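**Student:** only geometry, no sequence info:
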């Protein structure tokens, strides 16, 4: 294959380059994508045949960062990259969600995409480059693919949209959104915003799509020059006789069940009963005794068709709701008595129990990735136990789905969180999903907003979220508000938006079909706005603003500022002073230096009285000592050459043996012992911190 970089300016001032034929030549497809000095090697490999009995598409996408790409060592003891970070998992999910709809229906060959960040300039993020590279690697390969697709990031600074903004540009941006799509339509959206309007979001998506079209055309050029002939793929033909038998036995029963208007449990029980009866009857025939998987797939096909037809033709949903109706909502706060804040949010058959924990700066999460090093002071963790859907299963660590849902909820709430300098607490939110039938990530947003206010976190505005769906027919479409699980399964789009009364703070969209126009997206955004406002109004019936006081179980913080040259006195040699202070006052004391060189001290305790005691002790330590002043101190140590006397907490000075009295002292132990109270004069402060003391200076010479 040829080897060379090809380049394209896909947006004003933004150039991207792709090379193929030099690296990883045994992969089915491989490219290197470069923007600035960030380079991502993307490879694609797909098995030549599907495994026997395979009935789903086993696609795996991994984007991994190597710290060597930026000339750095990984943190920690092992000094080797381990399991993927949350940001790597999220980037992998974004690529997967854009690629998956583009593989042919019925293609079940195991496929793996690996995107390796091999060079990083710490300005051009690798996630969207990995998406473009993954598509290009598949597109020039022989793997069946209905692409290409491309991903771009959209930012907006001073009202001007920027495609693939740098890290520095993003700092001043009110939008950070990734859009994936083909030349014809948008497939995926994920991002956070600072209360932008629906109109502004739609404009951002259009700006992104213009760049996506150019990048897709660029990949077509690469395929014409470097591409291999696609391998032949013909979907496995279905047994039409079996299809007829299943439809004859199950179709009318499913039609009746879909039309009743049942809750999740009753509906699933009826469908399960129909499925079991159909399987038992058909599998009793020798010819179809091993056909259960195919029968189940056909029943799901009937169910999907009937659900879609009822919505398209009757505008009636599975539980009897209309397209814009939102299920009943009930909420509660303060349910967990010892948590710093808590809330229950229930919408239909989806329920989230949310707790809030407030902590000190030492509780912040250190982030060690190629592109982000700033510690996290707000985090949201999402848990999805199997009982939430009536199943039994193993409890393991969070998977990609849990990480993705948690991050979406975190992004939704983060723009409304107070600045750390203003509030001073590290905040952790945990959303435990107790029931699930519909968007549990949006339930986490709503419950999280209420729990934060219950905890007394001065949230700028309440936040709610809603999940939307779309059913597209031949000549019509229906937009659904607050979709259930079945509607997600059989729909053509899953679109979640979260925000305040004024604007959107986060969004996520996945398309299952191509060709949905911007006019449909505009209607979906408008309908989502109405639903979001309705949910906010329901939430406000329980709590609408942050409590004025924190929980009595929350840590209490006091902040104080000291002169920079007194930081050493507070810490003490080897940390002796600050450790003693923390132990004696039962507090946690954090000492930092600001840009001006002043000392900033944060005192944390479970009791305000303890924090105040520590503050008073620090004031004594940092109090201005005057040369020539008299102090009553405590003897802390006695040496042959003199005694060390603490004149204020944490400040000791040397009372030399020659300064004890006017006459000669043969043995200082005859004069002073540890614990004695002694009045001394501060003769001199040397080198900013060393104190010279005298006792004889206070005794008349004749005595």
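**Tutor:** Right, received. Where do you want to start? Every value quoted in this text rests on a predicted model; they were computed, and no experiment measured them. Residues are numbered from 1 along each chain as shown.

**Student:** my read: residue 106 touches residue 238, true?
**Tutor:** No. Counting by CB atoms under 8 Å, residue 106 sits too far from residue 238 to count as a contact (9.6 Å). Any C-beta I mention is one placed from the backbone N, CA and C, and that applies to glycine too.

**Student:** which residues does the spatially most central residue of the chain contact?
**Tutor:** Closest residue to the average C-alpha location of the chain: residue 407 at 2.7 Å, with CA atoms, centre = their mean. If you count contacts by CB atoms under 8 Å, 6 or more residues apart in numbering, residue 407 has them with 86, 90, 380.

**Student:** Can you give me the buried ones in the helix or strand harbouring it?
**Tutor:** In this structure, residue 407 sits in helix 400-413 according to DSSP states H and E. Counting neighbours by 16 or more other CB atoms under 10 Å, one finds that the buried residues in helix 400-413 are 402-413.

**Student:** Give me the contact list for the helix or strand following that helix.
**Tutor:** Following the chain from helix 400-413 toward its C-terminal end, the next helix or strand by DSSP H and E is helix 420-423. Residues outside helix 420-423 that contact it (CB under 8 Å, 6+ apart) are 377, 417, 426, 457-458.

**Student:** residues of helix 420-423 that come out buried?
**Tutor:** Buried-residue list, helix 420-423, by 16+ other CB under 10 Å: residue 423.

**Student:** related to what we said a few turns ago, need the mean per-residue confidence for the helix holding residue 407.
**Tutor:** Taken as a whole, helix 400-413 carries a mean pLDDT of 95.

**Student:** do the same with stretch 36-48
**Tutor:** On average, the pLDDT along stretch 36-48 is 96.

**Student:** for stretch 431-442, same thing?
**Tutor:** Averaged across stretch 431-442, pLDDT comes to 95.

**Student:** Wait, residue 425 touches residue 457, no?
**Tutor:** Yes. The pair residue 425 and residue 457 qualifies as a contact (CB under 8 Å) at a distance of 7.4 Å.

**Student:** who touches both of those two?
**Tutor:** Common contacts of residue 425 and residue 457 (CB under 8 Å, 6+ apart): residue 358.

**Student:** For stretch 649-667, measure first residue to last.
**Tutor:** Length of stretch 649-667, first residue to last, CA to CA, to the nearest Å: 27 Å.

**Student:** out of the buried residues of helix 400-413, which one sits closest to residue 56?
**Tutor:** Nearest to residue 56 among the buried residues of helix 400-413: residue 404, at 19.2 Å, using CB to CB.

**Student:** which residues touch that closest one?
**Tutor:** Residues in contact with residue 404, defined by CB under 8 Å, 6+ apart, are 89-90, 93.

**Student:** In CSV: those residues, plus neighbour count.
**Tutor:** Conversion of the contacts of residue 404 to CSV gives the following (neighbours: other CB atoms under 10 Å):
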residue, neighbour count
89, 21
90, 20
93, 19
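
**Student:** Helix, strand, or coil at residue 27?
**Tutor:** When the structure is split into helix, strand and coil by DSSP: H, G, I helix; E, B strand; the rest coil, residue 27 lands in coil.

**Student:** Kindly report the same for residue 55.
**Tutor:** Assigned by three-state DSSP, the conformation of residue 55 is coil.

**Student:** What is the burial count for it?
**Tutor:** Applying other CB atoms under 10 Å, we find 12 residues neighbouring residue 55.

**Student:** which SSE is the residue nearest to it when sequence neighbours are not counted in?
**Tutor:** Take residue 55 and drop its neighbours on the chain: the residue closest to it by CB to CB, 6 or more residues apart in numbering is residue 293, 5.8 Å away. Using DSSP H and E, the element containing residue 293 is helix 292-314.
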